[in-house]
Structures are given as structure tokens and as C-alpha cells.
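Colleague: Model the structure of this input:
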Amino acid sequence: MYLRCNKAGKPQGKRKFDTLCESSLKMRQCTFSVIDCLASISLQVCEETSVYNVIKFCGNHNHPLVEEYNRGLTKTSRKLTFSTQQFSHQMSLNKIGPTIAHRLQVSMKGGHHNVNGTATDFKNWYNSMRIHIGNRDSQLVLDRLKDHCESLPDFYFHFVVEKGKLKSVFWVDEILKISYQAFGDVIAFDATYKTNK
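Modeller: This is a model prediction of the structure:
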């Protein structure tokens, strides 16, 4: 097993772009560069004792290291921990967006240096969570309503599916039944009001 500096490797020459070729236009420009840093450590496991032995170690970097006040912006430091992801998920369930969730984390932990990730990282994680849900959002709603049926005594719901898509959902609980008896009103809303003119 070996670990190398992330700036290890031979530097490449500048890329030439051919404006007539579509594939060269899609290449991402990167500000990160490799400069053939030789800092590394090599380890070998001893099979009898299951202990790692250091075979080779080179601790000399040929570039300056990241300053202490900028270490929170490195790739490993910006990765959201599991507890931060749980916190963000709980905030999303309470209709609190990623930017405010990040501000709450910063204020609760006493500063930006104590929080993994920036507001942009929180937004990216929210987007990846939404992509993970994908087309299962209707099923998640129905599962939540089924859970309410099991836990609330007077909860009832009914749904209609047409051509494999959820068309309408009706739900009522004990308080809504009392409100209907008193006022006779039902609230209905069309979720497609922006796309279905």
C-alpha cells in the first residue's frame, strides 16, 4: 500500500483546443496542477502479525503546503460528514434550505473553521439527494401516508393512479373531519399549475 502527495505526477503540457472538434470544447479547464512532488509513504503488511511496516518514506514536498487558515477549503475538509448530512436532511424535512442549514451549522459550531463544507457543498449535497430520490417521490408520499394510517387512529387516504402515474391523492385526519363538519370546506390544489396551463 502506498500514499502519495496529490501533486505527484509529471506535469502535462498545455492542451490545444480545436474549435472545430466538439469533444475538445467539452474538456473542463482545471486550475489544479501536478508538479512531480515525490512526497510519499510505502507500507507492507506482515501476514503473521497483520501489522503494517513502513518500507519507504519521503516527507519532502517541492511545493508550499496549504496554509492553516485555508485547510477547511481542501477537498477532504469540504466533504460533508455523516452527522452533517443527517442535520441537512432534517433541515430539508423542516423546509429549511441548504444555505440556511449551513449558516445554522456555522453558528452552532462556533465558526466556519469548525464546519466541514461550504454553502456550495451543502447545495451540491441537496441536489445529489434529490437525484437519489429521482422518480420515487410519489412512492415516498404514499409510504408516508401509510405510516400515518398505522400511527393515527382516524387517518384515511385514497389515491388514483392512471397510466402508471399518480393522478390524485386525498387524505383526511381527525381534526380535518371535525373542521369539515363545522365549516364544510375542503382544500384542493393542483401540483401542475405551472406546467399545465
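
Colleague: can we go C-alpha only for contacts and neighbour counts from here?
Modeller: Fine.

Colleague: which secondary element of this structure has the worst mean pLDDT?
Modeller: Least confident helix or strand of the chain, by mean pLDDT, DSSP states H and E, is helix 22-25 with a mean of 56.

Colleague: State the three-state secondary structure for the residue positioned nearest the centre of the chain.
Modeller: The chain has Trp125 as the residue nearest its centroid, 1.8 Å off, counting by C-alpha atoms, centre = their mean. Following DSSP: H, G, I helix; E, B strand; the rest coil, we place Trp125 in the helix state.

Colleague: Enumerate every residue touching it.
Modeller: The neighbourhood of Trp125, defined by C-alpha atoms under 8 Å, 6 or more residues apart in numbering, consists of Gln85.

Colleague: what separates Tyr180 from His158, distance-wise?
Modeller: Using C-alpha to C-alpha, to the nearest Å, Tyr180 is found at 17 Å from His158.

Colleague: could you point out which element follows the least confident helix or strand of the chain?
Modeller: strand 40-46 (DSSP states H and E).

Colleague: counting contacts, what elements does that next one pack onto?
Modeller: Strand 40-46 sits against strand 2-4, strand 51-58, with contacts defined as 3 or more C-alpha pairs under 8 Å, 6 or more residues apart in numbering; DSSP states H and E.

Colleague: how about it: buried residues?
Modeller: Buried residues in strand 40-46, counted by 16 or more other C-alpha atoms under 10 Å: Ser40, Ile41.

Colleague: which residues are contacting that strand?
Modeller: Contacts to strand 40-46, defined as C-alpha under 8 Å, 6+ apart, come from residues 1-5, 51-59.

Colleague: how about those residues, which pair is most distant?
Modeller: Of all pairs drawn from the contacts of strand 40-46, the greatest distance, 23.2 Å, lies between Cys5 and Val51 (C-alpha to C-alpha).

Colleague: of the two, who's got more company?
Modeller: Cys5 (15 against 11; other C-alpha atoms under 10 Å).

Colleague: distance of that one from Ser42?
Modeller: Using C-alpha to C-alpha, one gets 12 Å for the distance from Cys5 to Ser42.

Colleague: again with Val186
Modeller: Val186 is 70 Å from Ser42, by C-alpha to C-alpha.
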